[in-house]
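Have a look at this fold, sequence not included:
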């Protein structure tokens, strides 16, 4: 599967992405997971949503090239609970090359998703993993990290980027 990175302002990045149908899969789930993880590692990312590579399927991958065997796909993910504690952590995005901005997000969440076999899983995510999960979930909702910060904060980040 040949993947190509989509960058902002491509319209697929602001579109709510369709559910992944395991009864009639548009792609082989395992092949999609493998292709997306390989592509993400090649781009030196830690998360990648399907719409960032032009695919209208509700799935993202997370992982780190230091330990690729732990990388995995999250199909039809959603958050079922989050903490009231908020953290302000820096985020970057492959679809916004060289842009970094601090985004406020819950400190921890409980999420559910389907794995490559279509089985439902649930887990708690904290810190960096929580930030990454929410960032990628936002992509599937058509929300970018640009939408999560004030115009002033974004403009300051753009100025830093141009230096």
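Arrived safely, thanks for sending. As the structure is a computational prediction, the values presented were derived from the model and not from experiment. Numbering: from 1, shown residues only.

lowest confidence element among the helices and strands of the chain?
Counting by mean pLDDT, DSSP states H and E, the weakest-scoring helix or strand in the chain turns out to be helix 151-162, with a mean of 92.

Please give the element, helix or strand, for the most centrally placed residue in the chain.
Taking C-alpha atoms, centre = their mean as the criterion, residue 136 is the residue nearest the geometric centre of the chain, at 1.7 Å. Residue 136 is part of helix 127-140, with elements assigned from DSSP states H and E.

what does that helix rub up against?
The set of residues external to helix 127-140 that reach it, using C-beta atoms under 8 Å, 6 or more residues apart in numbering, is 13, 16-17, 46-52, 58-62, 74, 77-79, 87, 89, 91, 93, 95, 103, 105-109, 111, 125, 144-145, 147-148. In this view, the C-beta of every residue, glycine as well, is placed from N, C-alpha and C.

Flag the shaky bits of the protein, pLDDT-wise.
Across the chain, nothing is flagged by pLDDT under 70.

and the nearest residue to residue 63 once chain neighbours are set aside, what does it touch?
Distances taken as C-beta to C-beta, 6 or more residues apart in numbering put residue 71 closest to residue 63, at 2.4 Å, once the chain neighbours are dropped. Applying C-beta under 8 Å, 6+ apart, we find residue 71 in contact with 37, 40-41, 61-64.

hmm, try it at 7 Å
The contact partners of residue 71, taken as C-beta atoms under 7 Å, 6 or more residues apart in numbering, are 37, 61-63.
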